[in-house]
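K.L.:
What follows is a predicted structure for the sequence shown.
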Amino acid sequence: MMSEKPTFEENLNQLEQIVTELEKGNVPLEQALAQFKQGVALSHDLQVKLTEAEKTLAEMMNDDDQAVPFEAPEGQKND
């Protein structure tokens, strides 16, 4: 049986747990290095998901069901 990919929130929680453990400083060096590598990978995955979400939110659909850039109303910044 294939396991489902963890959600954004699950990955974020796991990253927070890793950071907490590493901040305590009670982790053996080898385990700390493994956790650090896992944390970097999780951080990268989370950043990719955030970037994808940002791109999705920066587009809207027109009447022809075509994705077009979202334009903020005049007077508002579109960062």
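P.N.:
Noted; the coordinates are in hand.
K.L.:
M60 pairs with what?
P.N.:
For M60, the beta-bridge partners are V68 (DSSP bridges).
K.L.:
Is it correct that it is in contact with A67?
P.N.:
Yes - judged on Cβ atoms under 8 Å, M60 makes contact with A67 at a distance of 7.4 Å. Every residue, glycine included, has its C-beta placed from N, CA and C.
K.L.:
so who does the residue minimising distance to the centre of the chain touch?
P.N.:
The centroid of the chain falls nearest to L46 when counting by Cα atoms, centre = their mean (2.0 Å). Counting by Cβ atoms under 8 Å, 6 or more residues apart in numbering, L46 touches 8, 11-12, 15.
K.L.:
got the phi/psi numbers for it?
P.N.:
phi -60, psi -40 (degrees, to the nearest 10).
K.L.:
Distance of it relative to Q31?
P.N.:
Taking Cβ to Cβ, to the nearest Å as the measure, L46 falls 22 Å from Q31.
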